[in-house]
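Student: no letters, just coordinates:
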């Protein structure tokens, strides 16, 4: 097992399992927490200033490291904004993209290379058809995006990017894993204190709760329950073939996931009646053909995020499963009202 993978598994067992964090990690967590408090305090006292992109901005973020379902929620949010007659655009950092990580801001479209600009950015451009800009400096990315014909910006991640002024914060939490052991990095998975949840405008619980640590009380913050739904497979090649996921019920498949929580994808396949052989890879993994060439004639299934990177590999009998965010009707309506109210509030302040 590579050293990086072994280290990740060790941390995951501490963050979400039964292992106790060693004193060295707990000490680093205390230092990290102190730095985060000083930084947040500087923004509250306006010693550091926030800057916006020139139009309403909605942040879809999370408190923990790794995937929680932000990207499907960004897509859903943009769909709702369009239904309201608005023209949204998307900004994000561009994790996994070598060009994006070197600095500057870059426009992404459906034909962009995910190795340069990031798999999530290309996925968002392909799924939404909207303007997408990546950049480590989210303020610069927002200002670049504002030059396009848009009237609202949705930031995929950026909750902790405090320099970026925002008008609405939606925080996604994986309901199965919760906040893990509740500790700050690196002794736990938290990017900032759980108390931060009391400051956001909506808390989105993704999936079904398990035996994770309970979330802190946030009575004033509305909670919404999101499911990721996917029922149709798409061929990885250019044939345009589609396949109902249910048609593979009872079949053995190879399941590949290089996302924040690969187990979520594997659970979804098992819930659909499939028998997956699990192949978990690190988030934003750069795949090689030999890693995914299985000689047993069993279909290969992967996430849409992985498909963005795997299309050029020429894999045989390979399929990907797009997922979409889904809410109970009443909750979907309430969340749309939050989005609309935030945009109207900013518009009224601008006109005044």
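Tutor: Received, thanks. Since the structure is predicted, the reported quantities are computational estimates derived from the model, not experimental observations.
Student: tell me the contacts of the residue nearest the centre of the chain?
Tutor: Compute the mean C-alpha point of the chain, and by C-alpha atoms, centre = their mean the closest residue is residue 70, 3.2 Å away. For residue 70, the contacting residues are 60-62, 156-157, 172, by C-beta atoms under 8 Å, 6 or more residues apart in numbering. Quick note: C-beta positions are derived from backbone N, CA and C, even for glycine.
Student: with residue 196 instead?
Tutor: Contacts of residue 196 (C-beta under 8 Å, 6+ apart): 63, 159.
Student: can you pull out the helices in the stretch 251-352 of the chain?
Tutor: 262-271, 304-310, 329-351 (DSSP state H, counting those that start in this stretch).
Student: can you list the domains in this protein?
Tutor: Taking automatic domain parsing as the reference, the chain has its domains at 57-227+326-351, 231-322.
Student: just say which of the ones you listed is most tucked in.
Tutor: domain 57-227+326-351 (a mean of 20; mean count of other C-beta atoms under 10 Å).
Student: for that domain, give the mean pLDDT please.
Tutor: Averaging pLDDT along domain 57-227+326-351 yields 93.
Student: quick one: distance of it to the chain centre.
Tutor: Centroid separation for domain 57-227+326-351 versus its chain: 7 Å, with C-alpha atoms, centre = their mean, to the nearest Å.
Student: stretch 228-247 too?
Tutor: With C-alpha atoms, centre = their mean, you get 22 Å for stretch 228-247.
Student: same thing with stretch 244-264?
Tutor: With C-alpha atoms, centre = their mean, you get 19 Å for stretch 244-264.
Student: same check on stretch 278-297?
Tutor: Distance of stretch 278-297 from the chain centroid (C-alpha atoms, centre = their mean) equals 21 Å.
Student: I figured residue 176 was touching residue 209, is that so?
Tutor: Yes: Residue 176 is in contact with residue 209 according to C-beta atoms under 8 Å; the separation is 6.7 Å.
Student: how about residues contacting stretch 106-113?
Tutor: Taking C-beta under 8 Å, 6+ apart as the rule, stretch 106-113 contacts 94, 99-100, 116-118, 121-122, 124-126, 129, 131-135, 144.
Student: same deal with stretch 234-244?
Tutor: 231-233, 302, 307, 310-311, 315, 318-322.
Student: ok, now which ones touch residue 94?
Tutor: 100-101, 106, 108, 117-118, 120-121, 134-136.
Student: and those, which of them are in helices?
Tutor: 100-101, 117, 120-121 (DSSP state H).
Student: nearest to residue 270 among the residues you listed?
Tutor: Residue 270 lies nearest to residue 120 out of the ones in helices among the contacts of residue 94, by C-beta to C-beta, at 24.9 Å.
Student: what's the closest non-adjacent residue to that closest one?
Tutor: Counting by C-beta to C-beta, 6 or more residues apart in numbering, residue 71 is the residue found nearest to residue 120 once chain neighbours are left out, at 5.6 Å.
Student: is it correct that the one you found is in contact with residue 124?
Tutor: Yes: with contacts counted by C-beta under 8 Å, residue 71 reaches residue 124, the gap being 6.7 Å.
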